[in-house]
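Whatever this is, show me its structure:
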Amino acid sequence: MPSSSEPGIANQASPVWLALVCAAAVVGLTLLLDSIHWTSATYDEVAYLRVAARWWHTGEQTAITRMGSPLTFWKLQQAPVLWTLDRLGRGELIDDPIGHQQELLPLVRAGALWIWLAALLLCACWSRRLYGPRAMALAAWLFALSPNLIAHGGLATMELPLLACTTGMLFLFWTFLDTGRRRWFWASAGMGGLAFSCKFTTVLFPPILAVIWWLDGRRRGGRGSLFRGTRQVTLGMAVYVLVLLLADFAITGFAVLPPSRSTGDHPTIKAKFGSELAGWIARLYETPVPQDWVGLATQAHHQMSGGSSYLLGERRMTGWRYYYFVALAVKVPLTFWLLVAARAALAWRRDKTGQPRDDLLPLAIGLFLAVTAIGSARNYGLRYLLPLAPLAIVWISRMAEDVAERPGILAAWPAWPIGLGLAGQALAVAAIHPFELTYFNVLAGGPLGGRHILSDSNLDWGQGLKGLARLQCAEPEFRNLTLYYFGDTDPACYGAEGTAHIVNAVDDQSQLPGLQTVKTRYLAVSASLQWGPWGPPGFFRRLDSIAPFRMTDDTTIAIYRTADLRRAGETHHIYK
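Numbering: from 1, shown residues only. Just a heads-up that it's a prediction; the model follows:
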């Protein structure tokens, strides 16, 4: 496979390229540090604060596993901050993390930015190893100016820990393919164990790596028959997975937990398997196993059960196979697709001239997309595809080295899409900052048009309470308001005033007070309730014919005049 030793590629790491990487890191961190103070807690961030505080005081960490989440991502993000707060005598923030979340959460988010920085540097180093120093600099800037990576880089969720770890895992595996040295193979498996303990999506990568390894071996014309090569890859990846799981077990401190929450009689097991097997299966069910395995089983059950999803105005419990392709089309800056097209054209041209093929990275991306399209029954957001971003960035970064190989303005045509691509991403970030989580490209019509296409973590993940509080502070009339809020925290924690009805993804909403009960002057509704999958079916339909009177600055909460709602209701009644 191609590497930086390929003829024609500049291998001398000039200080200029390193300086450009450092500049990209500074710009990205500056954007992140600014954005983390503008939004309230997203969905589950509050739960992670609660889990981490309890673990810090008592060592208890069972609840997070029963939720279907792994054990390490929140420790990587929060442990340094909690340790610092303890040493500074600010233990009251840890004692009551929910009551102090407005102060604590920005500290946790800021303290976790090292993970974003590590991911950027890994991505840049991977580009440097494969292609050269110019590619390294381009990769760093593409990473730093990605609105989606900025959006999730400033949150205390599992997305960036997973992305950083899978980037390291794949970088090490590609190094193994390039050098043939087994130490990189084992290092990749170990990093995979850390990735697995950050998010269980990691389980998708070993089969993909097996295909990449097998295909790379066939192209190299390795010794032996097809059967022998296949057997080598199969056995090798089996050991790889074993090392990955053992690394996860060690990283989690050898924590164990029985899959069953209870002991004794299990009527469900007896009904399903009969009394003869019930006792044996019950004992197996009550036997402690590595704790992350229990979390994986819980998450697998969630996936098979489906989940409320939203796409193009439609709601389903089983999702859509084309969901992620739509998400990519509207959540990624259009100029990035220009870069993809230009890079594909260069790859085709190199292939036509008989140069080594360079398609393993896009092949890995394609395999991941195929698996998620076929296998996912819970379509919650583009964030599930974020681990693919470094692969795409590294692959595209090759264009910077092609510019160096082509003297002259016309011959160096790859410089034009590179310039347009970087400028497009910079404009995309500038237009949406500091609310990158709500980013939709111009094809989707921005956040206002995007809510007709996607919702949940693509737009409104419950992060709009600070925006509502800012509006109420600037214009006190909006304090006379009834809020239907999607999230899992009390709006009062962020200073939002008025009557609040909190809707989360778990509780039964059959007793939710109807719109006709609103007595305040204004009505406010979270986008994921009105347009997304989480509001009761048809509950907010009366609002479809009414234009919002105001929007919060991040566009996640629409505010209506109650008088307009009543007039619309009277018109509807007369029409009927």
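
and the next element down the chain from the helix or strand harbouring Ala327?
Here Ala327, judged by DSSP states H and E, is contained in helix 323-331. Where DSSP H and E defines the elements, the next helix or strand beyond helix 323-331 is helix 334-352.

Which residues are in contact with Thr263?
Glu286 (Cβ atoms under 8 Å, 6 or more residues apart in numbering). For the C-beta atoms, the positions are set from N, CA and C on the backbone; glycine is no exception.

Can you pull the phi and psi angles for it?
Dihedral angles of Thr263 (phi, psi; degrees, to the nearest 10) stand at phi -120, psi 160.

Likewise for Arg383?
With angles defined as degrees, to the nearest 10, Arg383 sits at phi -60, psi -30.

re the thing from before, using CSV, list the CA coordinates for the helix holding Ala327.
Extracted C-alpha coordinates of helix 323-331, given in CSV (Å, rounded to 0.1, in the frame of the first residue of the first chain):
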residue,chain,number,x,y,z
TYR,A,323,-30.8,7.5,6.7
TYR,A,324,-27.0,8.0,7.0
PHE,A,325,-26.7,8.8,3.4
VAL,A,326,-29.2,11.6,3.7
ALA,A,327,-27.4,12.7,6.9
LEU,A,328,-24.1,12.9,5.0
ALA,A,329,-25.8,14.8,2.2
VAL,A,330,-27.1,17.6,4.4
LYS,A,331,-24.8,17.7,7.5
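
Specify the beta-bridge partners of Tyr560.
Leu523 (DSSP bridges).

That one contacts Ser545, doesn't it?
No: with contact defined as Cβ atoms under 8 Å, Tyr560 and Ser545 do not form a contacting pair (11.0 Å).

which of those two has more neighbours?
Tyr560 (24 against 10; other Cβ atoms under 10 Å).

gap between the more buried one and Ala547?
Going from Tyr560 to Ala547 by Cβ to Cβ, to the nearest Å gives 8 Å.

circling back: counting contacts, what elements does the helix holding Ala327 pack onto?
strand 309-311, helix 360-375 (3 or more Cβ pairs under 8 Å, 6 or more residues apart in numbering; DSSP states H and E).

Among those, show me which one is buried the most.
Highest mean neighbour count of the helices and strands packed on helix 323-331: strand 309-311, a mean of 22 (counted as mean count of other Cβ atoms under 10 Å).

Residues contacting it, please?
315-320, 323, 326, 378-380, 453-456, 528, 531-533.

Off-centre distance for whichever helix or strand comes after that strand?
Counting by DSSP H and E, the element after strand 309-311 in chain order, helix or strand, is strand 314-316. Remark: strand 314-316 is offset 22 Å from the chain centroid, using Cα atoms, centre = their mean, to the nearest Å.

State the distance from Gln530 to Asp86.
Per Cβ to Cβ, Gln530 is found 42 Å from Asp86.

Which residue lies closest in space to Pro70, excluding its sequence neighbours?
Nearest non-adjacent residue to Pro70, counting by Cβ to Cβ, 6 or more residues apart in numbering: Ser197, 4.7 Å away.

ok, the one you found - contacts?
Pro70, Leu71, Thr72, Phe73, Asp248, Ile251, Thr252, Asp292.

In helices, which of these appear?
Per DSSP state H, helices hold the following members of the contacts of Ser197: Phe73, Asp248, Ile251, Asp292.

Pull the number of nearby residues for the first one.
With neighbours defined by other Cβ under 10 Å, the count for Phe73 comes to 27.

lowest confidence element among the helices and strands of this protein?
helix 562-575 (a mean of 66; mean pLDDT, DSSP states H and E).

follow-up on the earlier one: which ones among the contacts of strand 309-311 map onto helices?
Those of the contacts of strand 309-311 lying in helices (DSSP H): Tyr323, Val326, Ser528.

between those, which has the most around it?
Of all the ones in helices among the contacts of strand 309-311, the highest neighbour tally under other Cβ under 10 Å goes to Ser528, namely 28 neighbours.

closest to Leu443 out of the helices and strands packed on helix 323-331?
Smallest distance to Leu443 across the helices and strands packed on helix 323-331 (Cβ to Cβ): 15.7 Å, for strand 309-311.

more neighbours, Gln530 and Asp86?
Ranked by neighbour count (other Cβ under 10 Å), Gln530 and Asp86 place Gln530 first, with 23 against 13.

who's in contact with the more buried one?
Gln530 sits in contact with Arg451, Phe540, Leu543, Ala558, where contact means Cβ under 8 Å, 6+ apart.

what about 10 Å?
451, 455, 460, 484, 486, 539-541, 543-544, 548, 557-558, 560 (Cβ atoms under 10 Å, 6 or more residues apart in numbering).

between those residues, which is nearest Arg231?
Nearest to Arg231 among the contacts of Gln530, with distances taken as Cβ to Cβ, is Ser455, at 47.1 Å.

hang on, the closest one packs against Leu382?
No: look at Ser455 against Leu382 with Cβ atoms under 10 Å: they stay out of range, at 11.7 Å.

When these two are compared, which one has more neighbours?
Neighbour count, other Cβ under 10 Å: between Ser455 and Leu382, Ser455 has more, with 29 against 23.

separation between the spatially closest residue to that one that is not a sequence neighbour and Tyr380?
With Cβ to Cβ, 6+ apart as the criterion, Ser455 has its nearest non-adjacent residue at 3.0 Å, and that residue is Gly532. Using Cβ to Cβ, Gly532 is found at 10 Å from Tyr380.

Low-confidence bits of this structure, can you list those?
Counting by pLDDT under 70, the chain shows low-confidence ranges at 1-13, 222-224, 266, 269-271, 273-276, 278, 351-357, 404-413, 569-576.

what about the strands in it?
With DSSP state E as the criterion, the chain has strands at 256-257, 289-290, 309-311, 314-316, 481-486, 499-503, 522-526, 550-551, 557-561.

List the neighbouring strands of the first one plus their orientation.
Meaning strand 256-257. Here, using DSSP bridges, strand 256-257 pairs with strand 289-290 (antiparallel).

what distance separates the partner strand from the centre of its chain?
Per Cα atoms, centre = their mean, the centroid offset for strand 289-290 relative to its chain is 26 Å.

for stretch 262-281, how far is the first residue from the last?
The first residue of stretch 262-281 is 14 Å away from its last residue (Cα to Cα, to the nearest Å).

hang on, the earlier thing: for the helices and strands packed on helix 323-331, give me a markdown table that also has distance to Thr65.
Listed next are those as a markdown table, based on distance: least, Cβ to Cβ, whole Å:
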| stretch | distance to Thr65 |
| --- | --- |
| strand 309-311 | 25 |
| helix 360-375 | 22 |
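
what's the closest of the ones you listed to Ser225?
Closest among the helices and strands packed on helix 323-331, using Cβ to Cβ: helix 360-375, at 22.5 Å.

And that closest one, what does it pack against?
Judged by 3 or more Cβ pairs under 10 Å, 6 or more residues apart in numbering; DSSP states H and E, helix 360-375 is in contact with helix 159-179, helix 205-220, helix 323-331, helix 334-352, helix 389-405.

Dump those to JSON lines, plus distance to Thr30.
Shown next, in JSON lines, are these (distance: least, Cβ to Cβ, whole Å):
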{"stretch": "helix 159-179", "distance to Thr30": "17"}
{"stretch": "helix 205-220", "distance to Thr30": "32"}
{"stretch": "helix 323-331", "distance to Thr30": "23"}
{"stretch": "helix 334-352", "distance to Thr30": "21"}
{"stretch": "helix 389-405", "distance to Thr30": "20"}
